[in-house]
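1. my questions are about this predicted structure, shown below with the sequence.
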Amino acid sequence: MLAHLAYVSVRKNSCTEPEIEKILASCKKNNPPLNITGVLLYSENQFIQYVEGEAIELMSLYDKIKKDQRHEKTVMISYSPITDRIFPSWHMGNRKITSEDIDFVTDITADDKDVFTKIINGKEADGAKVQNLLVKFFKK
Ligand SMILES: Cc1cc2nc3c(=O)[nH]c(=O)nc-3n(C[C@H](O)[C@H](O)[C@H](O)COP(=O)(O)O)c2cc1C
């Protein structure tokens, strides 16, 4: 069963930029053989990751990621079956964001901003809204 999973977490101070590079290297190495695609947004103190693939693979990946010492307070914000992938060719698209970034995404609406604020606070659980926003971030 194809599914998606999204979570937010708090990036620890010890998670420096070189550590981010290592995370992305792990994604690049491990995700393609598992057929996991998705995106990772990160800021100075936060992560938002959206992954899609077979449910069983997503769950074992999420179990592994949750134990990673480079972040904490992992909160799953959405998880459900999907019929098609949103990021079929992205083994882990990634982007560093700042709180001002949202203003630079041209077709962002006031509603989107509200959703974004809720996501980064772990309060948005509507998978469709989360997907919509991430698509705007990556496919503009
Ligand atoms: C925010 C965050 C996201 C991560 N995403 C992935 C991922 O999508 N795929 C992956 O294999 N590892 C991911 N990792 C790293 C794993 O926790 C783990 O360190 C890694 O998979 C170990 O595998 P390796 O020794 O083969 O590199 C992530 C870690 C963090 C902190």
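-> Noted; the coordinates are in hand.
2. distance between stretch 75-95 and the chain's centre?
-> Distance of stretch 75-95 from its chain centroid, counting by Cα atoms, centre = their mean, to the nearest Å, is 7 Å.
3. tell me the contacts of residue 31?
-> The neighbourhood of residue 31, defined by Cβ atoms under 8 Å, 6 or more residues apart in numbering, consists of 37, 38, 51, 91, 92. Every residue, glycine included, has its C-beta placed from N, CA and C.
4. can you tell me how far the residue lying farthest from the centre of the chain sits from the ligand?
-> The centre of the chain is farthest from one residue, residue 110, which by Cα atoms, centre = their mean lies 21.2 Å away. Relative to the ligand, residue 110 is positioned 28 Å away (Cβ to the nearest ligand atom, to the nearest Å).
5. the ligand contacts on this structure?
-> Counting by Cβ under 6 Å from any ligand atom, the chain comes close to the ligand at 9, 23, 26-27, 29-31, 40, 47, 49, 51, 61, 64-65, 68, 70-71, 92.
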